[in-house]
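*Asks:* model this:
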Amino acid sequence: MADDDHNLKVHDSGGEGRPVVLIHGWPLSGAAWSEQVPILKDAGFRPIAYDRRGFGDSDPGDSYDYDALAGDLDNILTDLDLSDVTLVGFSMGGGEVARYISLYGEDRLHSVVFAAAVPPYLLQGEDNPDGPLTQDAASEMRSGLDADRDAFFDDFTRRFFSAGDELKVSDDQRQQAVALCQKSDQDAALRCMDAFGTTDFRKDLEKVTVPTLVIHGDSDSIVPLEGSGQRTHKTIEGSQLVVLEGAPHGCNVSHASEFNDALLEFLRG
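*Replies:* Numbers count the residues shown, from 1 in each chain. Have a look, this model is predicted:
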C-alpha cells in the first residue's frame, strides 16, 4: 500500500497478528527484509516494511534529520492505527527506533529491536571516544558516494556482507542489494549518511523502557559490535543481547536462519 499523505511506500502483509514494523538500513529499502517477512507472517505476526523517504519507491523529502524520519514512522503507525507494535530497526533504522521513542513515547509499542544498529553514537569525538566512525572515514565515505555511485555501491555491498575478506552471501544476493542501493535518491543518500553518522542517540536510548533485543554480528565492519550494539545493550536496562558469530553487517541476510530464530524467540517471549 502507499501512504499517500506522505508519499511513502508501505508494504503491509495484513493479517490479525501483532504488528512488527521493519525499518531498513541505508541505502536499501523495505525489500531488504525479504528473508524476514514470510517467516514472520508464517509465525502469526503482521510484518510491515516501508521505504524510507528518498529510498526504494518512496518520494524524496525536504529533510533527512532523525526528527523528520521518526515523524514518518509516527505517521505510518498512526495512519494504520497500530498498537502493541514491535519496531525492528536495522542499522540506520535503529536511529528511527530510538528517536521515535524519544519524541513520541512508547504507548503504541510492545517491544523494540536494534539490529546491527547505529546507536548510541557513531561519530568519534572528545565526548564520544568509543564512537567507531572517525571523521576521516566519514568524509571518505561521503566523497566516495559523491564521486561514483556505481563503484561506491559495489564496494559498500562487499563490505556490508563480508566478515574479514570472506563474502558471506552469494554474489546474486549481493547484486540484489546493489540494485536496491541504486534506487536511492542521491541527495537522500548523502544527507541520510550525514544523519546516521553524526546523530547522538545517547539521551534517546535512556528513554527506552519496553522489552528490547539487541542483535549484532561479531564481524560487522560497517557498524562494529563493540562501538554500537554492546554500548546500546549496556545503556538499556534489561535488554537482551544476541551476538551472531562470524556475521557481517548484513546479518539478516547472511545469517538469516540465526537472525530469524533470535527474532522469533524474542517476539514470542
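*Asks:* quick one: low-confidence parts of the stretch 1-150 of the chain?
*Replies:* 1-6 (pLDDT under 70).
*Asks:* Sketch out the strands for it, chain order is fine.
*Replies:* With strands called from DSSP state E, counting those that start in this stretch, the stretch 1-150 of the chain shows them at 2-3, 8-12, 19-23, 46-50, 85-90, 109-115.
*Asks:* neighbours around residue 258, how many?
*Replies:* The local packing of residue 258 (other C-beta atoms under 10 Å) involves 18 other residues. (Glycine included, C-beta is placed from N, CA and C.)
*Asks:* Also residue 103?
*Replies:* Neighbours of residue 103 (other C-beta under 10 Å): 15.
*Asks:* wouldn't it be in contact with residue 70 here?
*Replies:* Yes: at 5.4 Å, residue 103 counts as touching residue 70 under the criterion of C-beta atoms under 8 Å.
*Asks:* the helices in this structure, which residues?
*Replies:* 37-42, 66-79, 93-104, 135-147, 149-160, 171-182, 186-198, 202-205, 229-235, 251-254, 256-268 (DSSP state H).
*Asks:* Only the buried residues of stretch 89-107, if you could.
*Replies:* Neighbour-count burial for stretch 89-107, counted by 16 or more other C-beta atoms under 10 Å, picks out 89-102, 104, 106.
*Asks:* Kindly report the same for stretch 141-150.
*Replies:* Within stretch 141-150, judged by 16+ other C-beta under 10 Å, the buried ones are 141-142, 145, 149.
*Asks:* next one: stretch 41-57
*Replies:* Applying a neighbour-count criterion of 16+ other C-beta under 10 Å, one finds 41, 45-57 buried in stretch 41-57.
*Asks:* show me what contacts the one residue sitting closest to the centre of the chain?
*Replies:* Residue closest to the average C-alpha location in the chain (C-alpha atoms, centre = their mean): residue 90, at 2.2 Å. Residue 90 is in contact with 22-25, 32-33, 115-117, 252, counting by C-beta atoms under 8 Å, 6 or more residues apart in numbering.
*Asks:* From residue 15, how far out is the nearest residue to residue 107 once chain neighbours are set aside?
*Replies:* Nearest residue to residue 107, sequence neighbours excluded (C-beta to C-beta, 6 or more residues apart in numbering): residue 83, at 7.9 Å. Taking C-beta to C-beta, to the nearest Å as the measure, residue 83 falls 15 Å from residue 15.
*Asks:* now residue 120
*Replies:* Residue 120 is 34 Å from residue 15, by C-beta to C-beta.
*Asks:* These two - which one has more neighbours?
*Replies:* Neighbour count, other C-beta under 10 Å: between residue 120 and residue 15, residue 120 has more, with 28 against 13.
*Asks:* okay but that one is in contact with residue 208, surely?
*Replies:* No: applying C-beta under 8 Å as the test, residue 120 and residue 208 come out as separate, 10.8 Å apart.
*Asks:* With respect to residue 128, which of the helices of the chain lies nearest?
*Replies:* Checking these against residue 128 by C-beta to C-beta gives helix 202-205 as the closest, at 8.2 Å.
*Asks:* From the structure, what's the count of residues near residue 67?
*Replies:* Residues contacting residue 67 under the criterion other C-beta under 10 Å number 12.
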